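Colleague: The sequence and its predicted three-dimensional model are supplied below.
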Amino acid sequence: MPGGGDGMNGGRTRRIVIAGALGAVAALLGWTRVGFIPWFSGASLTIMHVPVIIGAVLEGPWVGVAIGFIFGAFSLLQAAIAPTGPADVWFTNPLLAVVPRLLIGPAAWLASVILEKRPRWGMLIAVLVGPLFVVSLLQILGYQLWLAALLLVLENLLLAAFLWQMGQQRPEVAWVGAGVIGSLTNTVAVLGMIGVLGYLPWAALPPIALVNGLPEAIVSGVITAAVVAGWRRVRIGSRKGADL
């Protein structure tokens with residue numbers, strides 16, 4: 001069975017290479033500041049966690065964990081030697097810089113598997129969790145009418161996307177969902193650890209999650225779907241070429 005062993009070794013080598021390459025991309029996005037998208041009120045949206053999500057969707061949860069570790073370790077190093085703001089000192093703590101980033105890959109991978117192979121489960125989760133999410137945000141922000149309308153529209157669009165996916169049997173919505181879930185995992189885990197460590201009061205965290213976390217999740221979903229779709233087309237094309 002030498003061929004089987006070669007295949008296993010080749011797959012392991014591919015996963016190591018992809019983990020290293022995407023980990024380097026995450027570090028480069030942070031070091032060059034390309035991974036920060038200007039946002040209103042002087043804030044920035046970050047996409048440095050997107051390579052973690054892409055790696056997990058393409059190669060599985062452990063590749064996501066490895067890339068997440070590289071991302072977290074770089075965040076810690078950058079906060080220690082080249083801080084850019086007063087909050088960077090918080091990220092010299094590995095509990096904040098590293099641990100939350102280890103969760104991104106497994107969460108994104110699980111979301112992609114469920115949404116791609118069991119889209120009805122994804123729709124059920126959206127139906128159950130969506131209204132609770134909307135009500136929670138309205139509680140935080142004081143029942144603003146425009147926000148209620150916006151959130152209801154977004155929820156209905158999400159349900160429509162799942163229904164379309166079920167009818168067309170296309171995986172793109174699953175990849176978007178993986179990007180969204182992976183990004184929200186990063187946001188919730190980082191902000192949760194900030195609260196646990198006492199760096200900010202708990203009451204200050206939900207507005208941050210809303211203003212930065214939701215737009216980051218949308219951007220992450222779009223980028224993840226585009227990159228994964230392109231990568232799979234390349235792999236399928238290379239396999240067909242090898243068969244000629």
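Modeller: Sure, I can see it.
Colleague: shaky segments in the chain?
Modeller: The chain contains residues with pLDDT under 70 at 1-10, 38-44, 119-152, 155-156, 158-170, 235-244.
Colleague: all helices for it, in order.
Modeller: 2-31, 50-59, 61-81, 94-97, 104-117, 119-141, 145-168, 172-197, 205-208, 214-243 (DSSP state H).
Colleague: Leaving out the residues flanking it, which one is nearest to I208?
Modeller: In space, and not counting its chain neighbours, I208 is closest to L191: 6.3 Å by C-beta to C-beta, 6 or more residues apart in numbering. For every residue, glycine as well, the C-beta is placed using N, CA and C.
Colleague: List the residues that contact that neighbour.
Modeller: The neighbourhood of L191, defined by C-beta atoms under 8 Å, 6 or more residues apart in numbering, consists of L205, I208, A209, G213.
Colleague: Report the buried members of the residues you listed.
Modeller: Buried residues within these, defined by neighbour count using 16 or more other C-beta atoms under 10 Å: L205, A209, G213.
Colleague: Just the closest of those to G68, please.
Modeller: G213 (17.4 Å; C-beta to C-beta).
Colleague: got the contact list for the residue lying closest to V228 once chain neighbours are set aside?
Modeller: In this structure, V228 finds its nearest non-sequential neighbour in W175, 4.7 Å apart by C-beta to C-beta, 6+ apart. By C-beta under 8 Å, 6+ apart, the residues touching W175 are V57, S112, E116, G221, T224, A225, V228, A229.
Colleague: at 7 Å what do you get?
Modeller: By C-beta atoms under 7 Å, 6 or more residues apart in numbering, the residues touching W175 are V57, S112, T224, A225, V228, A229.
Colleague: what separates it from V227, distance-wise?
Modeller: Relative to V227, W175 is positioned 9 Å away (criterion: C-beta to C-beta, to the nearest Å).
Colleague: and if you look at G60?
Modeller: Distance from G60 to V227, by C-beta to C-beta: 16 Å.
Colleague: now swap in G85 and tell me
Modeller: 29 Å.
Colleague: Pretty sure A229 sits against E172.
Modeller: Yes - here A229 lies in contact with E172, judged by C-beta atoms under 7 Å, at a distance of 6.4 Å.
Colleague: got a list of contacts for stretch 23-42?
Modeller: Residues contacting stretch 23-42 (C-beta under 7 Å, 6+ apart): 44-48, 51-52, 67, 70-71, 74-75, 78, 215.
Colleague: Can I get that stretch as CSV, trimmed to CA atoms?
Modeller: Provided in CSV are the C-alpha atoms of stretch 23-42 (Å, rounded to 0.1, in the frame of the first residue of the first chain):
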residue,chain,number,x,y,z
GLY,A,23,-0.4,32.2,9.0
ALA,A,24,2.1,34.4,7.2
VAL,A,25,-0.7,36.2,5.4
ALA,A,26,-2.4,36.9,8.7
ALA,A,27,0.8,38.2,10.2
LEU,A,28,1.5,40.3,7.1
LEU,A,29,-2.0,41.8,7.2
GLY,A,30,-1.3,43.0,10.7
TRP,A,31,2.2,44.2,10.2
THR,A,32,1.5,46.2,7.1
ARG,A,33,-1.9,47.4,8.5
VAL,A,34,-3.6,46.2,5.3
GLY,A,35,-5.8,44.0,7.5
PHE,A,36,-7.5,47.1,9.0
ILE,A,37,-10.3,48.7,7.0
PRO,A,38,-11.1,52.3,8.1
TRP,A,39,-14.5,52.6,9.7
PHE,A,40,-16.5,55.5,11.0
SER,A,41,-15.8,57.2,14.4
GLY,A,42,-12.1,56.5,13.9
